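Novice: Show me the folded form of this:
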Amino acid sequence: MPSQFSDLGISKDLQKSLDELQITEPTTIQKKCIPIILDKRDDLVALAKTGTGKTAAFGLPLLQLINSKSTAVQAVILAPTRELAQQIHANLISYTSNNPDISIVALCGGIPIKPQIEVLKTPTQMIVATPGRLVDLVKREALDITKLKYLVLDEADEMVTALKEDLDTIIAGIPKTRRTFLFTATMSGAIKQLVQNYMSKHVVHKEADMATLGHKGIDHKYVVVEPIEKLDVLMYFLNSKEGQQGIIFCKTKAAVNKLAKKLAINKFSSGALHGSLSQGIRDRIMGQFREGHINILVATDLASRGLDVKELSYVVNYHLPDTYDAYVHRSGRTARAGAKGLSLTILQKEEVAEVFDFEKELGISFSKFQKADAQSIEENNTLLWAKKIFKTKPNREISDEFKTKVKTVFHHLTKEELVEKILANYLSKHSKADDPGK
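Specialist: You can find the predicted model right below:
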């Protein structure tokens, strides 16, 4: 199998951009897909897990096939979420650093549509979009896709269910002669039906090493907790990862908000991300996370698609996901680009049996994560309490006269004695009492 991008037929301009991005060796799915797309004949169905380099697998050959002298929209890449569409767009832009003549536009919902309409008045060759926004722009006659040559469906397994109506509308409005490239993590019945209904008879099927590649470098662990200790166990783990970046996945928006608030109270560097937040807030949180201003992202499964942050040390499943695919996409946020990562799942006793189902279905192995003992948990909570005091801003409304009275009480104590007494007072109140925040 070819070992270099030049062997796959990628142009020198694109190779130069890849070198600048320090991308030197193609992944398995790239080796298998790039020659098929460049061949200019067949449709393609690619089965690959997250983290396998799918964007470059379709993006690089498409950029090479685009006619930059034509003003028509030649390629549309559809993604199920705004975050994934924006990530694909950013990657494509980085690949074209030495091909400035190709215009690539991102069209996503959740942000004002008028600026997008204005952008589309200029020549655009390639579009990355969410289905709903694309349909909206076509209906407004702001976008013409009748001359489309290439259609990419990324994370197609997510689109054939929730977004099927929009997808049907788009496919009905584009030329039957276009080529379609479908990328999916699972080959469900709905995907097979889509392939049968909307792709040509000349379809090439390619598959990455599904048993291992999507999980390469990930250490899968689980820890069993009582409901009352779940937050304490999580905070102990997070304190052990201080300074490292990770994502905590919750099942619902309400759970994300609740957990994010508790982490904020305990002075963890964190932010929340879910679908009910405005696009502006989501972009700001993601920007802070990517730039390292926030270490912990608490998120719904929305964030498991299209979130590509380098050197993510861990992901935590605070709630077990509903589907095997969701686990793959969550855990795939770590161990990117050959790095190592930890995927920790926090379970209650009645959920442990499900771990073995995940192992069997996904071809992975879980090991047990050693839960901290009660004394370590208590010491960790005490340290968090001390950090809260350290980070508390002085109350400027307290009068100097009253401050003097309080200082007089502690006047004869050294700093060490004061710390000992405050610590003893805290422990006497908390060692036997349940924390109401648990």
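
Novice: Residues contacting the lengthiest helix in the chain, please?
Specialist: Criterion DSSP state H: the longest helix present in the chain is helix 374-391. Helix 374-391 has contacts (C-beta atoms under 8 Å, 6 or more residues apart in numbering) with 229, 232-233, 235-236, 239, 265-267, 372, 423, 426-427, 430-431, 435. (Each C-beta comes from the backbone N, C-alpha and C, glycine too.)

Novice: Sort out for me which of those are in helices.
Specialist: Secondary structure defined by DSSP H assigns 232-233, 235-236, 239, 265, 423, 426-427, 430 of these to helices.

Novice: before we move on, back to that, between the contacts of helix 374-391, which is nearest V355?
Specialist: Nearest to V355 among the contacts of helix 374-391: V233, at 16.6 Å, using C-beta to C-beta.

Novice: wait, what's in contact with the closest one?
Specialist: Contacts of V233 by C-beta under 8 Å, 6+ apart are 223, 225, 346, 371-372, 377.

Novice: Going by neighbour count, which of these comes out on top?
Specialist: When neighbours are counted by other C-beta atoms under 10 Å, I346 leads those with 22 neighbours.

Novice: residues near T404, how many?
Specialist: Look at T404: counted by other C-beta under 10 Å, it has 10 neighbours.

Novice: hmm, I was thinking of L344
Specialist: L344, neighbours per other C-beta under 10 Å, totals 23.

Novice: hey, where'd the helices end up in the stretch 151-300 of the chain?
Specialist: All helices of the stretch 151-300 of the chain, identified by DSSP state H, counting those that start in this stretch, fall at 156-162, 164-172, 189-198, 230-240, 253-265, 279-290.

Novice: Using PDB, write out every CA atom in the shortest one.
Specialist: Extracted in PDB, the C-alpha atoms of helix 156-162 (Å, rounded to 0.1, in the frame of the first residue of the first chain):
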ATOM      1  CA  ALA A 156     -23.800   9.800   7.400                       C
ATOM      2  CA  ASP A 157     -25.100   7.500  10.100                       C
ATOM      3  CA  GLU A 158     -26.100  10.600  12.000                       C
ATOM      4  CA  MET A 159     -27.900  12.200   9.100                       C
ATOM      5  CA  VAL A 160     -30.100   9.400   7.800                       C
ATOM      6  CA  THR A 161     -32.200   9.500  10.900                       C
ATOM      7  CA  ALA A 162     -32.600  13.000  12.400                       C
END
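
Novice: ok so, going back, going by neighbour count, list what's buried in the longest helix of the chain.
Specialist: Within helix 374-391, the residues that count as buried by 16 or more other C-beta atoms under 10 Å are 377-378, 380-381, 384-385.

Novice: Now do stretch 39-56: distance from first to last residue.
Specialist: 16 Å (C-alpha to C-alpha, to the nearest Å).

Novice: Quick one: mean pLDDT over it.
Specialist: For stretch 39-56, mean pLDDT rounds to 85.

Novice: Tell me how far it lies from the chain's centre.
Specialist: Distance of stretch 39-56 from the chain centroid (C-alpha atoms, centre = their mean, to the nearest Å) equals 19 Å.

Novice: which strands and helices sit next to the least confident helix or strand in the chain by mean pLDDT?
Specialist: Counting by mean pLDDT, DSSP states H and E, the chain has its least confident helix or strand at helix 156-162, which shows a mean of 73. Judged by 3 or more C-beta pairs under 8 Å, 6 or more residues apart in numbering; DSSP states H and E, the packing partners of helix 156-162 are strand 179-184, helix 189-198.

Novice: In JSON lines: these, plus mean neighbour count and distance to P394.
Specialist: Shown next, in JSON lines, are the helices and strands packed on helix 156-162 (neighbours: other C-beta atoms under 10 Å; distance: least, C-beta to C-beta, whole Å):
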{"stretch": "strand 179-184", "mean neighbour count": "24", "distance to P394": "55"}
{"stretch": "helix 189-198", "mean neighbour count": "15", "distance to P394": "59"}
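
Novice: for the nearest residue to K221 once chain neighbours are set aside, phi and psi?
Specialist: Nearest non-adjacent residue to K221, counting by C-beta to C-beta, 6 or more residues apart in numbering: F369, 4.0 Å away. Reported as degrees, to the nearest 10, the phi and psi values for F369 are phi -90, psi 130.

Novice: if I read this right, F369 contacts V223, doesn't it?
Specialist: Yes: between F369 and V223 there is a contact under C-beta atoms under 8 Å: 4.1 Å.

Novice: still on that earlier bit, among the helices and strands packed on helix 156-162, which comes closest to A72?
Specialist: Using C-beta to C-beta, the nearest of the helices and strands packed on helix 156-162 to A72 is strand 179-184, at 15.3 Å.

Novice: mind listing what V138 touches?
Specialist: Applying C-beta under 8 Å, 6+ apart, we find V138 in contact with 144-145, 169-170, 173.

Novice: now the helix or strand hosting it, how far from the chain's geometric center?
Specialist: Using DSSP states H and E, V138 maps to helix 131-139. Going by C-alpha atoms, centre = their mean, the spacing between the C-alpha centre of helix 131-139 and its chain's C-alpha centre is 24 Å.

Novice: ok, now stretch 231-249?
Specialist: 17 Å.

Novice: What is the neighbour count of the nearest residue to L18 once chain neighbours are set aside?
Specialist: Leaving aside its sequence neighbours, L18 sits nearest to F5 (C-beta to C-beta, 6+ apart; 6.1 Å). By the criterion of other C-beta under 10 Å, F5 has 23 neighbours.

Novice: now F5: how far from I34?
Specialist: As judged by C-beta to C-beta, to the nearest Å, F5 and I34 stand 8 Å apart.

Novice: In stretch 265-280, which residues are buried?
Specialist: For stretch 265-280, by 16+ other C-beta under 10 Å, it's 266, 268-274, 277.

Novice: check contacts around S367.
Specialist: Per C-beta under 8 Å, 6+ apart, neighbours of S367: 219-222.

Novice: Would you reformat those as TSV and include neighbour count, distance to L151 and pLDDT?
Specialist: As requested, the contacts of S367 are exported to TSV (neighbours: other C-beta atoms under 10 Å; distance: C-beta to C-beta, whole Å; pLDDT from 0 to 100):
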residue	neighbour count	distance to L151	pLDDT
D219	18	38	91
H220	21	35	93
K221	15	40	94
Y222	20	40	95
